[in-house]
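K.L.:
sequence and predicted structure, then a few things I'm wondering about:
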Amino acid sequence: MKLQISRNTRKYIILYVALLLVLYLVIEMVPKVTDIFETTQILEPGNLMLTCETTGYLIKTETIAISPETGTIKYLKKEGAPVRKNQRVVSIDGYPTDYDETSHRHENLMENLEGYDGVRQKMRTPASGIFSLEMDGSEKALNPAYMDSLTYEQVKDLPLKGKSLVEENVNTGDPIYKITNDNKWYVVCWLKKSDVKNYYEGQKVQLQLPDGKVNATIRSITKEEKRFKVIFYSDMYYKKLATTREVDMTIESSEQSGLLIDNDCIIEKNGKQGVYVRNKNGDYYFRQVNVIETDGKESVISESSYYDPEIEDIVYTVSVYDEVLKQPEKELKKDLKEEELEKEKKKQ
């Protein structure tokens with residue numbers, strides 16, 4: 001039996017669905033729309049962490065061991081194992097049958113290390129550090145001894161992907177393992193001027209790397225054409241230090257506390273940064289502020305008062321729960337005009 005719905009009933013159903021749709025739009029859109037037209041902000045305590053995403057290149061002191069003889073190789077340590085100096089980590093036994101002694105694996109990688117004093121012909125570890133069975137051929141170029149002269153253009157052309165050194169048989173002169181010094185290592189990156197202005201030499205930061213977060217210190221900041229080269233150093237343990245070269249990382253500066261404010265509220269008047277605070281009568285007056293930290297959208301500012309070294313005195317500023325004006329350009333023009341009129345009156 002086919003259900004018959006009257007025309008009036010269909011109208012009511014359509015109207016009901018339309019009302020539900022309108023109600024949904026109101027619930028979803030009104031908060032966003034009202035935020036656009038919101039003219040003031042209430043200051044509240046908060047924290048701000050300054051972050052910057054970039055690409056970093058790990059610079060390490062690395063020693064490459066090459067085989068002193070031809071034979072079948074056995075590895076006595078696993079990738080990533082800590083080792084001490086003069087420790088036995090591989091053994092080469094016997095002479096492989098029908099093995100071509102003239103062939104050399106990883107010749108292209110070794111060519112990049114010509115003249116590098118970090119190459120040693122021995123089976124026992126030449127230094128303490130992290131044992132690795134990978135190399136990329138950039139061990140010389142990305143060594144601490146050369147990092148100050150390293151340029152962005154040079155890094156772009158370097159081989160950065162590690163290759164396994166694991167073989168059944170090796171010839172004299174073949175690379176057989178690598179030792180990475182983990183006592184102190186470095187990360188270099190290149191930042192835009194707008195990003196580097198938030199950092200300074202000696203600053204303590206944290207680097208969020210793909211396999212963990214490490215504490216680091218900014219060693220140097222130098223200008224390089226349109227970029228700024230920043231070098232960090234760290235002595236913290238990083239799981240993949242020996243096998244990692246290029247990383248996507250986030251620089252995190254120390255967290256700052258104070259009053260949180262939208263940058264749209266801050267304006268400059270007569271060379272001083274400040275905001276327009278609303279009083280009980282609904283009028284606005286200019287109050288100087290001290291920006292502690294900013295991420296470009298929000299800032300942390302001092303509460304109540306701060307010391308201004310320019311005037312060598314205390315400046316009284318905004319307080320928690322003050323109501324400040326967003327987009328204060330019109331109020332600034334009005335304020336400056338009134339001040340100009342006051343000056344004219346005094347002259348008369």
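P.N.:
Okay, I see it.

K.L.:
domain-wise, how is this structure divided?
P.N.:
55-253, 257-347 (automatic domain parsing).

K.L.:
return the most buried member of the ones you listed.
P.N.:
Most buried of those, by mean neighbour count (mean count of other C-beta atoms under 10 Å): domain 55-253, with a mean of 16. For every residue, glycine as well, the C-beta is placed using N, CA and C.

K.L.:
how far off centre is that domain?
P.N.:
21 Å (C-alpha atoms, centre = their mean, to the nearest Å).

K.L.:
end to end on that domain, go ahead and measure it.
P.N.:
Using C-alpha to C-alpha, to the nearest Å, the end-to-end distance of domain 55-253 comes to 16 Å.

K.L.:
again with stretch 171-189
P.N.:
Span of stretch 171-189 from end to end, C-alpha to C-alpha: 38 Å.

K.L.:
where exactly do the strands run in the stretch 51-200 of the chain?
P.N.:
51-59, 62-66, 71-75, 82-83, 90-93, 119-121, 129-132, 134-135, 163-164, 169-170, 175-180, 185-191 (DSSP state E, counting those that start in this stretch).

K.L.:
got those strands as a markdown table, with mean pLDDT and distance to Pro144 columns?
P.N.:
Formatted as a markdown table, the strands of the stretch 51-200 of the chain follow (pLDDT from 0 to 100; distance: least, C-beta to C-beta, whole Å):
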| stretch | mean pLDDT | distance to Pro144 |
| --- | --- | --- |
| strand 51-59 | 95 | 6 |
| strand 62-66 | 96 | 10 |
| strand 71-75 | 92 | 28 |
| strand 82-83 | 96 | 20 |
| strand 90-93 | 92 | 26 |
| strand 119-121 | 93 | 16 |
| strand 129-132 | 96 | 14 |
| strand 134-135 | 94 | 17 |
| strand 163-164 | 94 | 23 |
| strand 169-170 | 89 | 29 |
| strand 175-180 | 96 | 12 |
| strand 185-191 | 97 | 6 |
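
K.L.:
low-confidence stretches in the stretch 1-150 of the chain?
P.N.:
1-8, 10, 12, 25-38, 95-103 (pLDDT under 70).

K.L.:
distance check, Arg227 against Ala145.
P.N.:
22 Å (C-beta to C-beta, to the nearest Å).

K.L.:
should've said Gly271
P.N.:
46 Å.

K.L.:
still on that earlier bit, so which of the domains of the chain comes closest to Leu21?
P.N.:
domain 257-347 (32.0 Å; C-beta to C-beta).

K.L.:
average model confidence for that closest one?
P.N.:
Averaging the model's pLDDT scores along domain 257-347 yields 91.

K.L.:
same question for stretch 208-220.
P.N.:
Averaged over stretch 208-220, pLDDT sits at 96.

K.L.:
tell me which element Glu293 falls in.
P.N.:
strand 291-294 (DSSP states H and E).

K.L.:
for the closest residue to Asn112 other than its chain neighbours, what are its contacts?
P.N.:
Leaving aside its sequence neighbours, Asn112 sits nearest to Gly137 (C-beta to C-beta, 6 or more residues apart in numbering; 4.1 Å). The contact partners of Gly137, by C-beta atoms under 8 Å, 6 or more residues apart in numbering, come to Asn108, Leu109, Met110, Glu111, Asn112, Leu113, Leu158, Pro159.

K.L.:
report the separation between the residue lying closest to the fourth one once chain neighbours are set aside and Pro210.
P.N.:
This means Glu111. With sequence-adjacent residues excluded and distances taken as C-beta to C-beta, 6+ apart, Glu111 is closest to Gly137, at 7.8 Å. Gly137 is 21 Å from Pro210, where distance means C-beta to C-beta.

K.L.:
and Leu142, by the same measure?
P.N.:
To Pro210, Leu142 is 18 Å away according to C-beta to C-beta.

K.L.:
for Asp283, same thing?
P.N.:
Where Pro210 is concerned, Asp283 sits at a distance of 54 Å (C-beta to C-beta).

K.L.:
and Met135, by the same measure?
P.N.:
With C-beta to C-beta as the criterion, Met135 and Pro210 are 20 Å apart.

K.L.:
what does Ser257 give?
P.N.:
29 Å.

K.L.:
partners of the strand or helix carrying Lys223, with directions?
P.N.:
Using DSSP H and E, Lys223 falls within strand 212-224. Applying DSSP bridges, strand 212-224 is found paired with strand 204-209 (antiparallel), strand 227-234 (antiparallel).

K.L.:
how about residues contacting the last one?
P.N.:
It stands for strand 227-234. Outside strand 227-234, the residues touching it (C-beta under 8 Å, 6+ apart) are 56, 59, 147-148, 150-152, 184-193, 196, 199, 205, 207, 214-223.
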